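Peer 1: Pasted the sequence and its predicted model underneath.
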Amino acid sequence: MRRKVIAGNWKMNMLPNETIEFIEKFEPLVKDTKNEIILCVPYTDLFYALLSAQNTNIKIGAQNMHFEEKGAYTGEVSGKMLKTIGVEYVIIGHSERRQYFNETDETVNKKLKAAFEYKLKPIVCVGETLEEHENNKTVEIITQQTKLALEGLTDEQVKNTIIAYEPIWAIGTGKTATSKDANNSIKEIRKEIEKIYGNEVANSVIIQYGGSVKSSNAKELFTTSDIDGGLVGGASLNPEEFAKIVNYDL
Ligand code: PGA
């Protein structure tokens, strides 16, 4: 049985004091869950989040990283820098980064390799646009993105990659893929991984759904055969609401 992993993606929200207050409120609400909890916070909140989440079941992640270790890349943060301060997870290739910051399948792949080099656990995002969705291109797009993201990784590394399937038309729009459609898309991603890396690897990979996950739809989504939790944006900014999502099975 695969574990469930519920990750919050705060995007460009929350100040350090809000981060500390959030974790103070959130932690007692989720202390009994068996599900894995990750909070992916802005760089400027990482240090505060790491201190506040010490000795709790909340793990901390960043939302991006550069693939180089160091150098003349003004404004960038490397995987080594994240690892050194104690960050455990990193989101790679979120659709907002692909859309607004020129992230490509190639840079996603480089970042994934760099994440493993610095012993960070990657959450890599794939997903189709509304136009691709309407033209029945979903499976083609998401399997291709998955294949290119994972290219050159070892079986062990693929097993330790979390994939987040996030249909772009469902992000921040209040529109959610039906649990059946999301589960089917995730099955296709798993099949693609099976084709390249075999059955054992494919069955171990955690694949989340993301896109307008909230407490009212979490249970329906997370109790399907192939959805192993969620990547949650807007609803992860409220401690009570996010705790309900984490506790969907309590
Ligand atoms: P949303 O965002 O939950 O606000 O739709 C999800 C995401 O972008 O990861």
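Peer 2: Arrived safely, thanks for sending.
Peer 1: Count the neighbours of the closest residue to residue 43 other than its chain neighbours for me.
Peer 2: The spatially closest residue to residue 43, leaving aside those adjacent along the chain, is residue 77, at 5.8 Å (Cβ to Cβ, 6 or more residues apart in numbering). C-beta here means a position set from N, CA and C on the backbone, and glycine is covered the same way. For residue 77, the neighbour count with other Cβ atoms under 10 Å is 16.
Peer 1: what's near enough to touch residue 77?
Peer 2: By Cβ atoms under 8 Å, 6 or more residues apart in numbering, the contact list for residue 77 reads 43, 62, 64-66.
Peer 1: Can you tell me which of the residues you listed is closest to residue 111?
Peer 2: residue 65 (6.1 Å; Cβ to Cβ).
Peer 1: That closest one contacts residue 83, correct?
Peer 2: No: applying Cβ atoms under 8 Å as the test, residue 65 and residue 83 come out as separate, 9.5 Å apart.
Peer 1: Which is the succeeding secondary structure element to the helix or strand of the chain with the lowest mean pLDDT?
Peer 2: Ranked by mean pLDDT, DSSP states H and E, the weakest helix or strand in the chain is helix 130-134, scoring a mean of 94. Proceeding C-terminally, helix 130-134 gives way to helix 138-150 as the next helix or strand, assigned by DSSP states H and E.
Peer 1: in what helix or strand does the most far-flung residue of the chain relative to its centre lie?
Peer 2: Distance from the C-alpha centroid of the chain, by Cα atoms, centre = their mean, peaks at residue 72 (28.0 Å). Using DSSP H and E, residue 72 falls within no helix or strand.
Peer 1: Give me the neighbour count for the residue of the chain found nearest the ligand.
Peer 2: Ranking the residues of the chain by distance to the ligand (Cβ to the nearest ligand atom) places residue 233 first, at 2.3 Å. Number of residues near residue 233 (other Cβ under 10 Å) recorded here: 22.
Peer 1: now swap in the one 10 residues further on and tell me
Peer 2: The burial count assigned to residue 243 is 20, neighbours taken as other Cβ under 10 Å.
Peer 1: ditto for residue 17
Peer 2: So residue 17, with other Cβ under 10 Å, has 10 neighbours.
Peer 1: Can you tell me the element it falls in?
Peer 2: Assessed by DSSP H and E, residue 17 sits inside helix 16-30.
Peer 1: Next: residue 207.
Peer 2: Per DSSP H and E, residue 207 falls inside strand 206-210.
Peer 1: residue contacts, the residue of the chain closest to the ligand?
Peer 2: By Cβ under 8 Å, 6+ apart, the neighbours of residue 233 are 8-11, 171-172, 210.
Peer 1: repeat for residue 158
Peer 2: Residue 158 makes contact with 150, 193, 197, 201, 205, according to Cβ under 8 Å, 6+ apart.
Peer 1: Out of the residues you listed, grab the one that's most surrounded.
Peer 2: Counting neighbours by other Cβ under 10 Å, residue 193 comes out on top of the contacts of residue 158 with 25 neighbours.
Peer 1: Residue 172 and residue 232 touch, don't they?
Peer 2: No: with contact defined as Cβ under 8 Å, residue 172 and residue 232 do not form a contacting pair (11.2 Å).
Peer 1: more crowded one of the two?
Peer 2: Taking neighbours as other Cβ under 10 Å, residue 172 and residue 232 compare with residue 232 leading, 28 against 12.
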